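Enquirer: I'd like to go over a predicted model; first the sequence, then the structure.
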Amino acid sequence: MANFSDLRGLVDVLEERGKLFRFRGEINKDTELVPLFRIQMRGVPESERKVFLFDNVVGAKGKKYDMPVLVGVYGGSKDVLAIGMRCQGYIEMLEKWHHCLTNPIAPVLVDSGPVQEVVHVGDEIKQLGLDEFPVPVEDPGFSGMIRTGVPMITKDGETGIRNVGAYNGFFRARDRLIAGIGPSKHAMAHHWEAARRRKEGLPIAIVIGCTPEVMLVASAAIPYGADELAVAGAIAGSPIKLVRCRTIPLEVPAHAEAVIEGVVSTEIMEPLLPFGEYPGYFRVDLNIRPIIQVTAVTHRKGAMFTPLLVGFPPSDDNLISGFCESAQMYHRLKYGCHLPVEEIHLPQSGGGQNFCLIRVREGSSQQTISQILEEAGKSTFSKYVVALDADIDLRDPEMLIWALSFSTQPKQDFTIVAAHSAGLDPSAAPTGSGRSRMGSTEGRELSRVLINATRKWPYPPVGLPRKEYMERALRLWQEQKDLPTPRLKEPYYSYSLGYWNEDLQQYADLIAGGEYLKVGEKMAALQVNVANTDPER
C-alpha cells in the first residue's frame, strides 16, 4: 500500500512504481503542454499511462515560471487513482469509500504548515498575484479561458457548515477570478445565497496541489452537512491537518502546494467563455458567474501547479467523476439498500456520468435485479443504467455489446423513465438555448433507460476452450520468443452458465482425448428413422 502524507510523497511513490515521467526540456504552457499530455491520453493504453512532471515551463510571451506543472496526478489512469487512494484495485477502492463514509476521521487544526511558507498579500497581489501560477491552456485554438479546477472551500457564516467542492476558477486578472460554480452546487445554493441575504461577500479558499483524497471528496456528491475533509481523513488513514487562512476566516490543508484566498462577490458577475466540459464538447453558453477578488496567495517553496484536465475523454475529470459517482451508488445500493451489487462503473466515454454499468451477484433473482435498476434510476443522473451478469467485465465494450445482443429483448428488458435533468448533455437542447436543464425541450422529453442485460435462464457454456486448455496454450505462447506479449481479455476460457450436464461433458472429454469414434458409436445408438415423418428441426 502506498504511504505518503503530501503530494510530494505521492510523486515519489509514483516514480518508484514507474508511473511518473519527468519532461526535462522547455515546454510552452500555452501551446504545447496539454497537447503533449493529450497524445498520451489518446494514444497510449491506460495501463501504460503516466503522470507528467514539467520542470521547465514557459509562456507564449517567453515568461519563465518557477513552479513546475504536474499533470494527471489525480485521474491520469485508474492505476494512478488506486495508488492515490492507497488501494490495490477497483473493488477495494469501492469498499474503502463505503468504509470511509461511515467511519470519518475529523480534521485537526495546527498552528502552521508548509502551504504558508511563502505568503503574498496587498500590493504583491496586484503586481504578481495569479501570474505566479503556470496555468496551461487546455485546448489551444478553442479554449477561451485558463483555469484551476480544484477543491474550493467555503463555509456558512452562521452555521459553520463547511463545503469542499471541485469547481473551476477562471483567471481574469492578477487579482480576479470567476467562480465557476453552478447555482445548484452546495457552495452557491447554501453558502453564497446565505451571504447574499446578509449583503456580504463569501470567503473562499482555492486549494492547489492537495492529496488525492481531498480532490475525491470534493468531486463526490456527499450530502450537505457532512464534512468532506473528515471522509478524506478516513481515506488517508489519519486526520487532515488544517491551518487558518491569512486573510479570510477559513481553514485549508496544511500540506497542500498552494492556496488562493479570496472573497466571492454576491453582487458582481461576469460571463464565461468557451472551455472543455465533461461530455467531451466545449461549453460555449456565455453564462454569468460571480467574480472572486483575490486577497492572498500562499504556497510552499518550490510549489507545483496541478491542473485538472476536463474535456474529451479520457481526462482527469471524467475518471474522478466516474469513480465518485460509482462509489456513492455502490455505497447506497449495497449497504444502504442491501442489494446484491458486486461492482459499479461509469465509463469515461459517458462523461463519468451518463452511462452506468452495474455487475450483480451471481444467482440474483430477476425480481431483485429489477429492484436494483429501480433504485439505481433514483440515485443517478445517468441516461443509461445497465444491469449485467457477474461474469461481464464492465470495462470491456465488447462484453457490453455481447450482453446487450444476447441477453436482452428490448420490449421486455428496456424501461424508459422520466429524467429531471440533462446536466450539460448537448443532445437535450440546441447549444445556446439555455433549456438543457428543463424537464422537456420542445418535444424532446428528458428520459432515462433502465436495461436488464442479465441472462434470464440457464445458458449454454461460453464458446471458448476450457480453462486448463487455455492455460496450457498460454504457456506454449510464452515459450515462443518471437511472439508479442498477449493482453488477454476476460473471458479467455469457457465456463458453464447452467445449461450443461454430465453426458455432454463426457462427449467433450472424449473428443478432447481423440476418441471421436467412441462419440460416433454413442450417437449411432441414438439414431432415429424419419422416413415417414417430418424430421424435427
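Expert: Here it is on my side, so go on.
Enquirer: where do the helices sit along the stretch 401-537 of the chain?
Expert: 410-413, 467-479, 502-512, 516-524 (DSSP state H, counting those that start in this stretch).
Enquirer: could you tell me the angle between the second one and helix 502-512?
Expert: In this case it means helix 467-479. For helix 467-479 against helix 502-512, the angle by axes from the mean of the first three to the mean of the last three CA atoms, to 10 degrees is 30 degrees.
Enquirer: can you pull the buried residues of helix 467-479?
Expert: For helix 467-479, a neighbour-count test (16 or more other CB atoms under 10 Å) marks residue 470 as buried. For every residue, glycine as well, the C-beta is placed using N, CA and C.
Enquirer: that one: how far from the chain's middle?
Expert: 35 Å (CA atoms, centre = their mean, to the nearest Å).
Enquirer: can you list contacts of it?
Expert: 464-465, 483, 486, 488, 492-495, 512 (CB atoms under 8 Å, 6 or more residues apart in numbering).
Enquirer: report the rounded mean pLDDT for it.
Expert: Regarding helix 467-479, the rounded mean pLDDT is 89.
Enquirer: please apply the same query to the last one.
Expert: When pLDDT is averaged over helix 516-524, the result is 91.
Enquirer: centre of the chain to it, how far?
Expert: Between the centre of helix 516-524 and the centre of its host chain there is 56 Å, according to CA atoms, centre = their mean.
Enquirer: before we move on, what about the shortest one?
Expert: Computed by CA atoms, centre = their mean, the chain-centroid distance of helix 410-413 equals 30 Å.
Enquirer: buried set for it?
Expert: For helix 410-413, by 16+ other CB under 10 Å, it's residue 413.
Enquirer: and the contacts of that helix?
Expert: Taking CB under 8 Å, 6+ apart as the rule, helix 410-413 contacts 451-453.
Enquirer: of those, closest to residue 390?
Expert: Among these, residue 453 lies closest to residue 390 (CB to CB), at 12.4 Å.
Enquirer: what ranges does the stretch 201-350 of the chain have for its helices?
Expert: 212-219, 228-236, 316-330.
Enquirer: quick check: which of those helices is buried the most?
Expert: Compared across the helices of the stretch 201-350 of the chain, helix 212-219 shows the largest average neighbour count, a mean of 27 (mean count of other CB atoms under 10 Å).
Enquirer: where's the nearest residue to residue 269 once chain neighbours are set aside relative to residue 282, distance?
Expert: What sits nearest to residue 269 in space, not counting adjacent residues and going by CB to CB, 6 or more residues apart in numbering, is residue 288, at 4.1 Å. Residue 288 is 18 Å from residue 282, where distance means CB to CB, to the nearest Å.
Enquirer: what do you get for residue 501?
Expert: For residue 501 relative to residue 282 (CB to CB), the value is 58 Å.
Enquirer: who has more neighbours, the two?
Expert: The neighbour count for residue 501 versus residue 282, taken as other CB atoms under 10 Å, is higher for residue 282 (19 against 8).
Enquirer: now the more buried one, nearest residue through space, not along the chain?
Expert: Leaving aside its chain neighbours, residue 282 sits nearest to residue 274 (4.8 Å; criterion: CB to CB, 6+ apart).
Enquirer: so what's the one you found up against?
Expert: 142-145, 282-284 are the contacts of residue 274 under CB under 8 Å, 6+ apart.
Enquirer: hmm, back to that, okay, the helices of the stretch 201-350 of the chain in CSV with mean pLDDT and distance to residue 424 next?
Expert: Formatted as CSV, the helices of the stretch 201-350 of the chain follow (pLDDT from 0 to 100; distance: least, CB to CB, whole Å):
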stretch, mean pLDDT, distance to residue 424
helix 212-219, 97, 15
helix 228-236, 98, 23
helix 316-330, 94, 12
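Enquirer: closest one to residue 5 among these?
Expert: Residue 5 sits nearest to helix 228-236 of all the helices of the stretch 201-350 of the chain, at 7.9 Å, using CB to CB.
Enquirer: give the other helices and strands that the closest one contacts.
Expert: When contacts are defined as 3 or more CB pairs under 8 Å, 6 or more residues apart in numbering; DSSP states H and E, helix 228-236 sits against helix 90-102, strand 162-173, helix 212-219.
Enquirer: deepest-packed of these, please.
Expert: Scoring those by mean count of other CB under 10 Å, the most buried comes out as helix 212-219, with a mean of 27.
Enquirer: show me what it packs onto, helices and strands only.
Expert: Contacts defined by 3+ CB pairs under 8 Å, 6+ apart place helix 212-219 against helix 78-84, strand 147-155, strand 162-173, helix 228-236, helix 316-330.
Enquirer: okay, the strand ranked longest in the chain in CSV with CA atoms only?
Expert: Longest strand in the chain, counting residues (DSSP state E): strand 258-271. What follows is strand 258-271, C-alpha atoms only, in CSV (Å, rounded to 0.1, in the frame of the first residue of the first chain):
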residue,chain,number,x,y,z
ALA,A,258,-0.7,26.4,-2.7
VAL,A,259,-3.9,28.3,-1.7
ILE,A,260,-5.6,31.2,-3.3
GLU,A,261,-7.6,33.2,-0.7
GLY,A,262,-10.4,35.4,-1.8
VAL,A,263,-14.0,36.7,-1.5
VAL,A,264,-16.8,35.8,-3.9
SER,A,265,-18.9,38.8,-4.8
THR,A,266,-22.6,38.5,-4.2
GLU,A,267,-23.2,41.5,-6.4
ILE,A,268,-21.0,41.3,-9.5
MET,A,269,-20.8,38.6,-12.1
GLU,A,270,-19.0,38.1,-15.4
PRO,A,271,-19.8,35.9,-18.5
